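>>> Would you be able to build a 3D model of this:
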Amino acid sequence: MKYINAKNLLPDGLVRELQNYIQGGYIYVPTDQARPKSWGEVSGYREELIRRNRQITEEYRNGASMDELAEKFCLSVYAIRKIIYQK
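Residues are numbered from 1 along each chain as shown. This next block holds a predicted model:
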């Protein structure tokens, strides 16, 4: 989780109001359940996996074997097979 300075994000009046309750501490603001984010959306990990899987598929199409890809990407051959044939 990344911390953000309230002064850089919130209006001054809201920062002063929050200081009545907590000063110099950390506060967790939960997500709005009406607007949930999907897995990996915040951290960017989902996009990272998509890029990796595209690279695996491309290398397979260019002649790399499943065993070679499993070794290179530290995955099982079964996982490589699932990535290649997922579409």
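>>> Now name the helix or strand holding N53.
Using DSSP states H and E, N53 falls within helix 45-61.
>>> For the helix or strand that contains G13, which helices and strands make contact with it?
Using DSSP H and E, G13 falls within helix 12-19. When contacts are defined as 3 or more CB pairs under 8 Å, 6 or more residues apart in numbering; DSSP states H and E, helix 12-19 packs onto helix 6-9. No exception for glycine: its C-beta is placed from N, CA and C like everyone else's.
>>> how about the CA coordinates for the helix it packs on, as CSV?
What follows is helix 6-9, C-alpha atoms only, in CSV (Å, rounded to 0.1, in the frame of the first residue of the first chain):
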residue,chain,number,x,y,z
ALA,A,6,-3.3,14.3,2.8
LYS,A,7,-2.1,17.9,2.0
ASN,A,8,-1.3,16.8,-1.5
LEU,A,9,-4.7,15.2,-2.1
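>>> hmm, who's touching that helix?
In this structure, residues lying in contact with helix 6-9 by CB atoms under 8 Å, 6 or more residues apart in numbering are L14, V15, L18.
>>> Please state the mean pLDDT value computed over that helix.
For helix 6-9, mean pLDDT is 91.
>>> One more: stretch 35-52?
Mean pLDDT, stretch 35-52: 85.
>>> Can you give me the first-to-last residue distance of that stretch?
In stretch 35-52, first residue to last residue: 28 Å (CA to CA, to the nearest Å).
>>> Any buried residues in it, and which?
By 16 or more other CB atoms under 10 Å, stretch 35-52 has no buried positions at all.
>>> Residue numbering should commence at 38 henceforth.
Noted, 38 is the first residue going forward, which turns the last one into stretch 72-89.
>>> any idea how far the residue of the chain positioned farthest from its centre lies from R72?
Here the centre of the chain is the reference, and by CA atoms, centre = their mean the most remote residue is N57, at 34.1 Å. To R72, N57 is 28 Å away according to CB to CB, to the nearest Å.
>>> How about R83?
17 Å.
>>> same question, L46
Taken as CB to CB, the span from L46 to R72 is 18 Å.
>>> for K119, same thing?
Taking CB to CB, one finds K119 at 31 Å from R72.
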